[in-house]
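with the input below, show me the fold.
(one chain, ligands or ions: 1)
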Amino acid sequence: MFWKRKKIVPEKYEPAAAVLTREMTLMFQTLKHVVRSDLVVLPHVPMQRLLRPFGQLNQKERTSLHAALAGHEADFVLCSGKGLRPEAVIMLEDHGHEVEPIFEHVGIRFFRIPMKGAANSDYLHTVLEAYVAKNEDTAKNLSDTQTILPRKYCPKCQTEMVVKRARGGPWEGSLFWVCRRYPRCKTSELHKV
Ligand SMILES: [Zn+2]
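Coordinates of the predicted model:
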């Protein structure tokens with residue numbers, strides 16, 4: 001009952017450092033940098049907000065639609081800026097096979113992006129071709145971009161550095177700035193979000 005709820009102690013909390021996980025934040029920043037400026041990037045959208053029944057569903061159809069969507073969320077959705085109509089769904093890694101046909105059928109593009117490509121703007125440019133900014137938009141957003149996605153240059157050889165995820169060892173899963181000339185130049189630094 002609501003008057004019996006557990007006591008919470010406000011002074012034992014503080015704001016989270018970020019609303020999203022590190023990986024999601026990095027991808028969010030990269031998506032914002034890459035997609036057209038008339039689109040809005042929304043993270044963690046419940047699948048049930050993306051579709052609605054069209055016409056009459058019988059009980060069985062209603063149940064199976066609910067089973068397919070309930071409890072699932074799209075990692076990112078690209079929406080029209082006006083009205084937030086969903087245009088494309090982006091899933092990280094290999095998730096969402098069972099619902100993909102529904103989205104494709106209703107004309108919402110469905111993308112699966114491997115985690116290692118999630119923060120790579122060249123890769124996202126290629127995959128999300130229809131949704132990415134044209135050159136003039138990119139130029140217009142350049143000043144934003146520089147604050148969102150700082151560029152970093154190798155202190156040894158002055159080549160631009162790229163963000164990569166450690167695949168093994170004690171730092172497995174962590175993100176690093178790595179010199180683009182790797183393995184010829186082995187400079188790397190822990191990436192702080
Ligand atoms: Zn270097």
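
from here on, contacts and neighbour counts on C-alpha atoms
OK.

what segments of this structure are helices?
Ranges of helices in the chain, per DSSP state H, are 22-34, 59-69, 100-105, 121-127, 135-140, 142-148.

for the first one, packing partners?
Applying 3 or more Cα pairs under 8 Å, 6 or more residues apart in numbering; DSSP states H and E, one finds that helix 22-34 contacts strand 39-46, helix 121-127, helix 142-148.

sort out which residues of that helix are buried, please.
Residues of helix 22-34 classed as buried by neighbour count (16 or more other Cα atoms under 10 Å): 23, 24, 25, 26, 27, 28, 29, 30, 31, 32, 33, 34.

just the angle between it and strand 39-46, please?
150 degrees (axes from the mean of the first three to the mean of the last three Cα atoms, to 10 degrees).

kindly format the C-alpha coordinates of helix 22-34 as PDB.
Only the C-alpha atoms of helix 22-34 are listed here, as PDB (Å, rounded to 0.1, in the frame of the first residue of the first chain):
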ATOM      1  CA  ARG A  22      29.000   4.900 -21.900                       C
ATOM      2  CA  GLU A  23      28.500   2.900 -25.100                       C
ATOM      3  CA  MET A  24      25.000   4.400 -25.600                       C
ATOM      4  CA  THR A  25      26.300   7.900 -24.900                       C
ATOM      5  CA  LEU A  26      29.100   7.500 -27.400                       C
ATOM      6  CA  MET A  27      26.700   6.200 -30.100                       C
ATOM      7  CA  PHE A  28      24.100   9.000 -29.300                       C
ATOM      8  CA  GLN A  29      26.800  11.600 -29.800                       C
ATOM      9  CA  THR A  30      27.900  10.000 -33.000                       C
ATOM     10  CA  LEU A  31      24.400   9.700 -34.300                       C
ATOM     11  CA  LYS A  32      23.600  13.300 -33.600                       C
ATOM     12  CA  HIS A  33      26.700  14.300 -35.500                       C
ATOM     13  CA  VAL A  34      25.900  12.100 -38.500                       C
END
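
how far away from the center of its chain is it?
Computed by Cα atoms, centre = their mean, to the nearest Å, the chain-centroid distance of helix 22-34 equals 6 Å.

what is the rounded mean pLDDT of that helix?
Averaged over helix 22-34, pLDDT sits at 90.

likewise the last one?
What helix 142-148 shows for mean pLDDT is 42.

same deal with the second one?
Helix 59-69 carries an average pLDDT of 86.

and for residue 70, the neighbour number?
Neighbours of residue 70 under the rule other Cα atoms under 10 Å: 12.
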